[in-house]
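1. The following comprises the amino acid sequence and a computationally predicted model.
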Amino acid sequence: MNRFTQDAWAAASKLPAGAERYTLLQKARNGEAAAEIERLLSSPGPRDPK
């Protein structure tokens, strides 16, 4: 998890339910998804045959 995602989770946990909290949680989830995609793309797993 990167710094932005951690900060978004921390900030959202301090807010009451509402639009601002929802937005921060969505950004945190998007950050986690992006990190997972980056990890998968950079892994030395099986490659397509040439």
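-> Structure received.
2. Settle this for me: Ser4 is touching Asn30, isn't it.
-> That one is not Ser; residue 4 is Phe. No - counting by Cβ atoms under 8 Å, Phe4 sits too far from Asn30 to count as a contact (9.9 Å). C-beta coordinates here come from the backbone N, C-alpha and C atoms, glycine included.
3. Rounded mean pLDDT for the lengthiest helix in the chain, please.
-> Looking across the chain with DSSP state H, the single longest helix is helix 19-42. For helix 19-42, mean pLDDT is 92.
4. so what secondary structure elements neighbour it?
-> Under the contact definition 3 or more Cβ pairs under 8 Å, 6 or more residues apart in numbering; DSSP states H and E, helix 19-42 sits against helix 3-13.
5. quick one, what contacts Leu15?
-> 21, 24 (Cβ atoms under 8 Å, 6 or more residues apart in numbering).
6. secondary structure element for it?
-> Element membership for Leu15, per DSSP states H and E: none, as it lies in no helix or strand.
7. pLDDT wise, what is it at?
-> In this model, Leu15 carries a pLDDT of 93.
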